[in-house]
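1. Build me a model from this:
(one chain, ligands or ions: 1)
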Amino acid sequence: MVLEQLQRLSVLSKIDEQIEELREELGELPFEVEEQEKRVRTKQAEFDENEAQIKAAKDTQAKGNQEIQSLKDEVERLRSQQGDVRNNREYDAISNELATCEKKQDEISSSIAQARMTEENLSKRGEDLETALNELKERLSELEGELNSLSDSQSTEMTDLISHRNKLVDELSSEWRLQYDRITEYHVDAVVEVRRGSCTGCFSVVPPQAIVEMRKFQKIHECEQCGRILYPEEMPEETFGIDI
Ligand SMILES: [Zn+2]
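-> All right, here's what the predicted structure looks like:
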């Protein structure tokens, strides 16, 4: 029966449009998640590098402080030695050593001060990096959540649609099944209504005589312009128990 074939084709087309929509919804998300993961990794590497530099600055300060301490001990030892000298030559020799120690102390002190300033700057930068990193991670988990919930609800919906689709296709004549597949290579909406005398797929005018024939449901008509299967506005609605 032509009417029933046409009704099945129309429901099939609506199901296929929904399947296509679902595919598109999911389409961009996996890509976005991947991109966001990349951003997180890059920022994490920047943060780690900054932390390593902070540690190096701290080590420089700790090592410098140790060196200063041992220089102080040395200065104390030299001063007490200076009290026990027997002649000017010995006194001058120790004075020279003391001067060298003090010069070293100054050099180390200034490198400690420099390392401290570096540490402060890096710490401030580290705070900014951490904030940025956390924001990126938050967005990533949002996207992952979206993807997961979408895939879950999607796969249920998809399974449902596909099982309905299979049932409909089984009941179609093989001639129209092939014809339908051929049209869907070009148009997702392979079966469309004729509204106000026009094909709602390509909006071209359908000859009035064709519409008159269509209403008799004696054969299935296709749009002369776009090749989509056409059905008249007056086609009785039948969904074959499928909620679409
Ligand atoms: Zn058309």
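2. Write out the residues of this protein neighbouring the ion.
-> Proximity of the chain to the ion is assessed by Cβ under 5 Å from the ion, with 199, 201, 202, 223, 225, 226 identified as the residues in range. Yep, even glycine has a C-beta here, placed from its N, CA and C like the rest.
3. Assess the claim that the second one and residue 228 are in contact.
-> Yes. With contacts counted by Cβ atoms under 8 Å, residue 201 reaches residue 228, the gap being 4.2 Å.
4. okay, and the common contacts of these two?
-> Common contacts of residue 201 and residue 228 (Cβ atoms under 8 Å, 6 or more residues apart in numbering): 187, 189, 192.
5. tell me the SS of the second one?
-> Three states are possible here, and by DSSP: H, G, I helix; E, B strand; the rest coil the one that applies to residue 189 is coil.
6. Distance check, it against residue 66.
-> Separation of residue 189 from residue 66 (Cβ to Cβ, to the nearest Å) stands at 79 Å.
7. hmm, back to that, looking at the residues of the chain next to the ion, spot the one nearest residue 137.
-> residue 201 (46.0 Å; Cβ to Cβ).
8. does the closest one sit in a helix, a strand or a coil?
-> When states are read from three-state DSSP, the local structure at residue 201 comes out as coil.
9. and it, backbone torsions?
-> As for residue 201, its main-chain torsions (degrees, to the nearest 10) stand at phi -90, psi -50.
10. Tell me how many other residues crowd it.
-> Neighbours of residue 201 under the rule other Cβ atoms under 10 Å: 21.
11. ok, which stretches of the chain are strands?
-> 191-195, 198-199, 221-222, 229-232 (DSSP state E).
12. Give the other helices and strands that the lengthiest helix in the chain contacts.
-> Using DSSP state H to define each element, the chain has its longest helix at helix 88-170. Using 3 or more Cβ pairs under 8 Å, 6 or more residues apart in numbering; DSSP states H and E as the contact test, the elements touching helix 88-170 are helix 2-82.
13. Try it again at 10 Å.
-> Helices and strands touching helix 88-170, by 3 or more Cβ pairs under 10 Å, 6 or more residues apart in numbering; DSSP states H and E, are helix 2-82, helix 174-184.
14. Save these as a markdown table, and put in mean neighbour count too.
-> Supplementary listing: the helices and strands packed on helix 88-170 in a markdown table, determined by neighbours: other Cβ atoms under 10 Å:
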| stretch | mean neighbour count |
| --- | --- |
| helix 2-82 | 15 |
| helix 174-184 | 15 |
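15. Now tabulate the ones you listed in CSV and tack on mean pLDDT.
-> Conversion of those to CSV gives the following (pLDDT from 0 to 100):
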stretch, mean pLDDT
helix 2-82, 93
helix 174-184, 92
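16. Of all these, which one is nearest residue 133?
-> When the helices and strands packed on helix 88-170 are compared for distance to residue 133 using Cβ to Cβ, the nearest one is helix 2-82, at 4.7 Å.
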